[in-house]
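Asker: Build the 3D model from these lines:
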Amino acid sequence: MKKIIIISLIYCFGALSLTAESFQEILDKGSGQVKVYYYPIEPFIYKDEIGNLSGIEKEMMDSFLRFLEKKYSVKLFVEWEQVPTFDSVFEYVNKSEIPAFGISVISKTEERAKLVGFSYSYMPDVSVFITHLSVPFLKDKEALKTHIDGFEAATISSTTYKDDLDKLNEEYALGLNYVDVPNDEDIIRLVSRNKEMVGYVGLPFYVIEIGKGNPVKRHSKFQIKRDGYRFIYQLGKGWEKPVQNYFESYLYRAEADKIIRRYLGNDYSELIWGLAGDKVTDRADEIAFLNKEKEIQSQTLIESEKEKELQWTIIISVSIGLVFVVIIVILLIKSNRIRERDNVLLTEKSEEMHDLLTELNRNRDELSHQRQLLQKKNIELTDLNKQKDDLIGIVAHDLKSPINQMNGLITLLSFKSDKWDDEEAEIFEKLENVNLHLKELVERILDLESIQKKSLNYQFIMTDLADVMKETVSEFREKAQSKNISIDISRIINGKMVMVDPFFLKQVFENLVSNALKFSPLGSQVLIGSETHHEYHQIYVMDEGPGISEKDKLKLFTKYTTLSAKPTGDETSTGLGLSIVKKYVEEMNGNVWCENKIGKGAKFIVAFPKV
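Answerer: Residues are numbered from 1 along each chain as shown. From the prediction side, this is the model:
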């Protein structure tokens, strides 16, 4: 009830704030003032060592404001202001007397949407449930009641973390006692220091903090997905369209992923996007994340053991020094008059020192043994991973020859097809399709193996995108005719020169054209064309298939991914093609992405810097 009253008051204050300029008024004047309110949360927005604002959302907002100035030919004077608490961001934006935006790792909720407008999401929003590392993995209600009933819960008031804890506490009757803190970093700090403390934090913060060695544990059974982090703006001031235009622009697509990777790193960024996909329990992504957690925690354990060993060395040195000081003082004070008693005391002290040294040596030997065991385990894990990669490569290489032989036998069998009845012909067709799929799968695995080992030798030369695409299309004409699909290349423009390896570029185009034909309905059309935007030449492949859902787009370019859309001609899919496309394109300094409308087809775009 208290929260509803507070929100109602904020809404009333917002209704009285009628003096802020609209976007149209700024356009009419050709310039205007804009204010950005923020609550600091590292690495999204914070002040660096010299006091300058930095972070993912700071660079995103700078990119958005540059887009407005360039697209709409206006001059914006930007003022940044820090607010006292996270939940006050919404009030400040709503009440601002000048056009205002807000950033602070904000999730969209129904209550917040009544106060401010929300942009598209720029990053997955996954809240993970964490405990101290000593707590066993929590898999069900019984485990929750057994291990965390009555614990304290660190959270941030008026956030989705608090809502998530309320729901968990109520559903499982845990009797949690809340401790209010200002940010995610403080939640993780408290949980890492208190074995009877729990909390919800954002997945990116969890990834960063375990990298610092904090002893916390993630329980994937209870993590919660939302539709992403966003920035906010004033309602009713005409900002909806320019915000939408920015998130649909080439500038956003070109800069957003690079900004996120710059602050989170390539490995962590891919893991976050993978876990935020359609199925949080997807084993490939979960195993990858667990391996990364174990790697970090093993490194932390090694460093901790080294620190303990150093501490024991210092203790031994100080102890020995103190014993000698005591001995010298005793000898000076007692002198000859009490020599016998001094000798007894010295003997007792020596025995104590010997026992202490014996105990210290035993502890040091135990630490050394534990360190050796840990090193042995790390070596075993490295060997197992290498054996797995080698086994995949060996199996794929060994399968090539039998598959080629089988292909030859199938070809020989086809010469007798005129003597077969319908059932035999159908069996032969299935046999031929299965063999082709197996051959494609082995070739894709070998391609992927070469990419991972970085054994590909790229030969970059000046290449015309049109020549390579037209050659590729000519090889797919027969396949297109078999499905009565027309391929329109009239929009391909000659002379768009880029610096790439034409061999690998042709493999990229082959994958995209093959997928377009595979998912296009009979009698439809595939449209291929080229364009130039800013400093990039682009070529696109657009089909009239079912399109790609928003959930599928999150895992579109990951390995061994099967999408919800099905081929229209009973074709098969390895789940490797698009991941290979992305690797090839990025190795050649390009970008690839997908635009589509559900039910109206998909459009894949490849862009390279023009020369």
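
Asker: Could you pull out the helices in the stretch 501-611 of the chain for me?
Answerer: With DSSP state H, counting those that start in this stretch as the criterion, the stretch 501-611 of the chain has helices at 502-519, 550-554, 577-587.

Asker: Give the buried residues for the second one.
Answerer: Neighbour-count burial for helix 550-554, counted by 16 or more other CB atoms under 10 Å, picks out 552-554. (C-beta placed from N, C-alpha, C; glycine too.)

Asker: now do stretch 176-192
Answerer: 176, 181, 183-192.

Asker: biggest separation within the residues you listed, which pair?
Answerer: Largest separation among those by CB to CB: Leu176 and Glu185, giving 20.6 Å.

Asker: Which of the buried residues of stretch 176-192 sits closest to Thr472?
Answerer: Closest approach to Thr472 among those (CB to CB): Asp184, at 47.9 Å.

Asker: Which secondary structure element is home to the nearest residue to that closest one once chain neighbours are set aside?
Answerer: Leaving aside its sequence neighbours, Asp184 sits nearest to Phe205 (CB to CB, 6 or more residues apart in numbering; 4.0 Å). Taking DSSP states H and E as the criterion, Phe205 maps to helix 203-211.

Asker: Now do the helix or strand following that helix: which elements does it pack against?
Answerer: Next helix or strand after helix 203-211 toward the C-terminus (DSSP H and E): strand 216-218. With contacts defined as 3 or more CB pairs under 8 Å, 6 or more residues apart in numbering; DSSP states H and E, strand 216-218 has these neighbours: strand 123-132, helix 184-193, helix 203-211.

Asker: Please look at the residue nearest to Asp184 and Val191 and confirm they touch.
Answerer: No - here Phe205 does not reach Val191: they are 11.6 Å apart, not a contact under CB atoms under 8 Å.

Asker: who does Arg230 bridge with?
Answerer: With beta bridges defined as DSSP bridges, Arg230 has these partners: Ile106.

Asker: and it, how many residues sit next to it?
Answerer: Neighbour count for Arg230, taken as other CB atoms under 10 Å: 24.

Asker: Return, as residue ranges, the portions of the stretch 401-550 of the chain with sub-threshold pLDDT.
Answerer: Counting by pLDDT under 70, the ranges of the stretch 401-550 of the chain that qualify are 401, 404-405, 407, 414-417, 430, 433-456.

Asker: mind running it again at 90?
Answerer: Within the stretch 401-550 of the chain, the segments meeting pLDDT under 90 span 401-459, 475, 478-479, 502-504, 506-507, 515, 519, 534, 545-550.

Asker: Report all helices and strands that the helix or strand containing Asp365 contacts.
Answerer: Element membership for Asp365, per DSSP H and E: helix 339-414. When contacts are defined as 3+ CB pairs under 8 Å, 6+ apart, helix 339-414 packs onto helix 283-334, helix 422-452.

Asker: helix or strand right after the shortest one?
Answerer: Spelled out, that is helix 422-452. On the C-terminal side of helix 422-452, the closest following helix or strand by DSSP H and E is strand 461-464.

Asker: how much distance is there from that next one to the middle of the chain?
Answerer: Strand 461-464 sits 34 Å away from the centroid of its parent chain (CA atoms, centre = their mean, to the nearest Å).

Asker: buried stuff in it?
Answerer: Buried positions in strand 461-464, judged by neighbour count with 16+ other CB under 10 Å: 463-464.

Asker: Convert the C-alpha atoms of that strand to PDB, please.
Answerer: Extracted as PDB, the C-alpha positions of strand 461-464 are listed here (Å, rounded to 0.1, in the frame of the first residue of the first chain):
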ATOM      1  CA  ILE A 461      42.700  -9.100 -51.800                       C
ATOM      2  CA  MET A 462      40.600  -6.400 -53.300                       C
ATOM      3  CA  THR A 463      37.300  -8.100 -54.100                       C
ATOM      4  CA  ASP A 464      34.000  -7.100 -55.800                       C
END
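
Asker: now for that strand, which elements pack on it?
Answerer: For strand 461-464, the packing partners by 3+ CB pairs under 8 Å, 6+ apart are strand 497-500, helix 502-519.
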